[in-house]
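Novice: Quick one, structure for this:
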Amino acid sequence: MNVNRVDQPGSTTKPARVDNSDEETEERPAGLIGAVDNVLRLLRLFENSKQLRVNEVSREMGLSRSTVHRMLSTLSYHQFVEQDEFSRAYQPGPALVDIGLAVVQNMDIRVIARTALTKLWTETNETVHLAILRGPEVLFLDSIESQQIVRTGSRIGWTLPAHSTASGKALLAELDEEDLLALYPNEKLEAPTSTALNSRAALFAQLAETRDRGYAINNAESENDVSAVGTVVRDRAGRARASIAVTAPRSRVDQEWVRTTAATTIRIADELSGRIG
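Specialist: Model prediction:
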């Protein structure tokens, strides 16, 4: 949007600058939130510059200095940028760096774990998964589907309540009580199926069993016809980084299946743990 201003002859007043940060423009598709779009565009400037200055960002983005300053102040408050004490320029902050490192680490885990997943898939002839904990949910990073006619499907990209999956319970069992209480402040839990855990007390009791035996069980808790076993994958320092799990139709799962599949999953998880830094 352009605003034309008529000045008196001889006037040296510059046209007022109009900030379109929250308006649609010809370049910005409909449906985008202008302020959010501008913040994300600002962060992408770090792709080509180690440091950013207010006047440089103002020129690059076509925004007023006051708008840019407010954006950078907000990002600084959330530690996405930090200001150099001497140059007053802005550089990537710890929050932005941590997010980037976390994404890279998770991508590395997926690449490193692919061979182990393939081995687990081959030995069990069932669908296998790689997952990480995201708060009270588990995020599935990778899956390989069984070739059997009746099988469970891929969960790549899915998020499910951690307390109702074998992958999630294996990772939750690694947390101390303080962290668990932070994730589950209420006694009542969401139960996706009739057999899923519906109380914090029941979850804590099952997590204790998981620690004792070294693997977690899902007995039709995330989906009615799916059962699973899962265990954690650690890095060389012994920290839980992810979990691998085997899922199968409930009709094929009995105590012997759980015992043998769990033993195979633990063995392959241990082999994978030796390759994660």
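Novice: now Gly214: how far from Ala173?
Specialist: 9 Å (CB to CB, to the nearest Å). Just so you know, the C-beta spots here come from the backbone N, C-alpha and C atoms, and that holds for glycine as well.
Novice: Any stretches of the stretch 151-277 of the chain with poor pLDDT?
Specialist: In the predicted model, the stretch 151-277 of the chain carries pLDDT under 70 at residues 277.
Novice: hmm, try it at 90
Specialist: Filtered on pLDDT under 90, the stretch 151-277 of the chain yields the residue ranges 235-237, 273-277.
Novice: Contacts only, for the nearest residue to Pro92 once chain neighbours are set aside.
Specialist: Of all residues not flanking Pro92 in the chain, Phe46 sits nearest, at 5.5 Å (CB to CB, 6 or more residues apart in numbering). Applying CB atoms under 8 Å, 6 or more residues apart in numbering to Phe46 gives the contacts Leu52, Gln91, Pro92, Leu96.
Novice: Find the centremost residue of the chain, please.
Specialist: Arg134 (5.7 Å; CA atoms, centre = their mean).
Novice: before we move on, the earlier item: how close does the residue nearest to Pro92 sit to Val57?
Specialist: 11 Å.
Novice: Same check on Gly168?
Specialist: Taking CB to CB as the measure, Gly168 falls 42 Å from Val57.
Novice: Quick check: longest helix in the chain by residues?
Specialist: Secondary structure of the chain per DSSP state H: the longest helix is helix 94-124.
Novice: Next SSE downstream of that helix?
Specialist: strand 127-134 (DSSP states H and E).
Novice: looking only at pLDDT, what's the mean for that next one?
Specialist: When pLDDT is averaged over strand 127-134, the result is 96.
Novice: mind checking how far it is from the chain centre?
Specialist: 12 Å (CA atoms, centre = their mean, to the nearest Å).
Novice: Could you give the backbone dihedrals for the residue lying closest to Leu130 once chain neighbours are set aside?
Specialist: Leaving out its chain neighbours, the residue that sits closest to Leu130 by CB to CB, 6+ apart is Asp142, at 4.2 Å. In terms of degrees, to the nearest 10, the main-chain angles of Asp142 are phi -160, psi 150.
Novice: How many residues are close by Asp142?
Specialist: If you count neighbours by other CB atoms under 10 Å, Asp142 ends up with 20.
Novice: Name the residues that touch stretch 195-206?
Specialist: Contacts of stretch 195-206 (CB under 8 Å, 6+ apart): 161, 163-164, 169, 172, 177, 180, 184, 186-191, 216, 219-222.
Novice: now stretch 269-277
Specialist: Under CB under 8 Å, 6+ apart, the answer for stretch 269-277 is 109, 112-113, 116, 231-236, 241, 243-244.
Novice: Which ones among the contacts of stretch 195-206 lie within strands?
Specialist: Pro161, Ala216, Asn219 (DSSP state E).
Novice: how close does the second one get to Gln91?
Specialist: Translated: Ala216. 42 Å.
Novice: Show me which of these two is the more surrounded one.
Specialist: More crowded of Ala216 and Gln91, by other CB under 10 Å: Ala216, with 27 against 16.
Novice: Can you show me the helices along the stretch 151-277 of the chain?
Specialist: With DSSP state H, counting those that start in this stretch, the ranges of helices along the stretch 151-277 of the chain come out as 166-172, 177-183, 200-213, 255-273.
Novice: With distance to Pro249 added, can I get those in a markdown table?
Specialist: As requested, these are arranged in a markdown table below (distance: least, CB to CB, whole Å):
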| stretch | distance to Pro249 |
| --- | --- |
| helix 166-172 | 15 |
| helix 177-183 | 30 |
| helix 200-213 | 22 |
| helix 255-273 | 11 |
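Novice: Tell me which of those helices sits most buried.
Specialist: Stretch with highest mean neighbour count among those: helix 166-172 (a mean of 29; mean count of other CB atoms under 10 Å).
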